[in-house]
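# Pasting the sequence and the predicted model now:
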Amino acid sequence: MSEITPSISELIERVSKIPLWQSTNTKCFEIVDDIHSGHIPVARLESWQDFSELLEHKFFNRPGVELIFRGHRRFDWDLTPTLGRISGTKGSVPTLLASAQYKRFWRAARGRLEHPVGAGDTVDLNGRLWDGLWAIGQHHGLMTPLLDWTHSPYVALFFAFHEEDRQGDNDNQYRAIYVLNKSFIGENQNKIGTRLVEPITDHHGRLVNQAGLFTFAPYESTIEDDLEYAFANKIGSDVKDSRNASGEEQSVILARHIYKIYIPNKKGERDICLRHLRRMNVHSASLFPDLLGASEYCNIITAEEERQAAEATPDPVADRSTELTVDVEKIIGILHESSCNEYNKQFKQRDRCEPMAQELVQFLAKNKNEIADYFNNNNQGVRICLCNMMSVIFRKYGYTNGGELNRIIEMAKPSEEPSA
């Protein structure tokens, strides 16, 4: 039986059920098998401001343990290197794909590097002689089997938040930070396969400024696979056989080596977070020591100031309160009308269509500002995004859309009420 991939709305609901981390917790992380993190222990913060307090917990300050961090703009992204994202292998990089990419870049880079790296076909495919050229390519946009990490948790927080949500990202309710036990990987990399890559040379200064390094998982494998292998084979001084451990014990074992932190992606909080990081000298100009970094630094500050100016200017349209004109009964009526469609006959029964109608009303109420934006400004991009997310609800209930989705959107046009 093929594995059913949960929808984004289902993932968000499951993440929201993870207990909030608190400084008084004796148990920092939990394994939630049915979310996108797989078997990686996870924590959920109430706000990015809690991140600093989390880092002060003794769990993050164990003697002799060095941690590294990686920030993700979207909460549902895996630890997948760029070369693995096009392979269809669920995160691992196929050997033949890596070999072809390396040889192609090696030939294309000849004459462009002051000090040539690598030796074409003569090096071992999984050998470290390949690392130098992979690292150069990684920071010039090449798809590689490497993953970027940083020794600084605040650099990771910056990379989690520095990009704005893109059009259609209304479903991105969390940013994420992965944490990896560098000490464990370094001590056991000859046994588990995944290893650290810390190039001696830094051609453009970014690695130094970002306190950066890379991890390399063997081809046809992933970091998670290697850690599972380590636990099953009792590799490492503090690892016992996780197969015989209880759920709570397994969470503690795994969290010592890899875990994921969900941080709410609240409207307006991104700018505040980036301003806070700038006070710590963590920003584009410091992390990207070139003109591109300087330009992005200026663009971010200019955009922030424009947003602040716009928020300080009263908007008579925005100040008018709105009320949705659609309710459960109206949506049920639309669904009943389409029940003549042979694909939707089962929705003649109220017990089939009422739960779907209730979820649609909840969605519309939650997104009433976006609906108002569409109707007030004819923002077609917003409409497309709303339709895409509503289609997820349709598919969830097995309902075949025959135009009902557009009718519901049009029926949801908010009525204007004079503000008090």
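Everything's here; your move. Numbering: from 1, shown residues only.

# hey, let's count contacts and neighbours off CA atoms from now on
Noted.

# Would you mind giving the domain segments of this protein?
8-90+144-282, 317-417 (automatic domain parsing).

# mind putting those in JSON lines, mean neighbour count included?
What follows is these, written out as JSON lines (neighbours: other C-alpha atoms under 10 Å):
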{"stretch": "domain 8-90+144-282", "mean neighbour count": "18"}
{"stretch": "domain 317-417", "mean neighbour count": "16"}
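
# Which one of those lies nearest to residue 293?
domain 8-90+144-282 (10.0 Å; C-alpha to C-alpha).

# What segments of this protein are strands?
For the chain, strands defined by DSSP state E occupy the ranges 42-44, 67-72, 146-150, 174-181, 195-197, 212-216, 258-264, 321-323, 415-417.

# Could you dump those strands into a markdown table with mean pLDDT added?
Below are the strands of the chain laid out as a markdown table (pLDDT from 0 to 100):
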| stretch | mean pLDDT |
| --- | --- |
| strand 42-44 | 89 |
| strand 67-72 | 97 |
| strand 146-150 | 95 |
| strand 174-181 | 95 |
| strand 195-197 | 92 |
| strand 212-216 | 93 |
| strand 258-264 | 92 |
| strand 321-323 | 57 |
| strand 415-417 | 58 |
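
# Now distance to residue 222 too, for those strands, in CSV please.
CSV is the format used below for the strands of the chain (distance: least, C-alpha to C-alpha, whole Å):
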stretch, distance to residue 222
strand 42-44, 18
strand 67-72, 16
strand 146-150, 11
strand 174-181, 13
strand 195-197, 11
strand 212-216, 9
strand 258-264, 13
strand 321-323, 49
strand 415-417, 52
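
# Residue ranges in this protein under the pLDDT threshold?
Along the chain, the parts satisfying pLDDT under 70 run over 1-5, 25-39, 89-90, 114-129, 202-204, 237-250, 313-325, 338-351, 402, 415-420.

# Please identify which of the strands of the chain is closest to residue 311.
strand 321-323 (16.7 Å).

# Can you check which helix is longest in the protein?
helix 291-312 (DSSP state H).

# for residue 285, what are its contacts?
By C-alpha atoms under 8 Å, 6 or more residues apart in numbering, the contact set of residue 285 is 293, 294, 295, 296, 297.

# In contact with residue 277, which residues are there?
Applying C-alpha under 8 Å, 6+ apart to residue 277 gives the contacts 154, 158, 283.

# cool, and residue 375?
residue 413.

# for residue 326, same thing?
Counted by C-alpha under 8 Å, 6+ apart, residue 326 has contacts 361, 408, 411, 412.

# follow-up on the earlier one: out of the contacts of residue 277, the closest to residue 236 would be?
residue 154 (28.3 Å).

# quick one on the thing from earlier: show me the contacts of residue 277 that map onto helices.
Checked against DSSP H, the contacts of residue 277 include these in helices: 154, 158.
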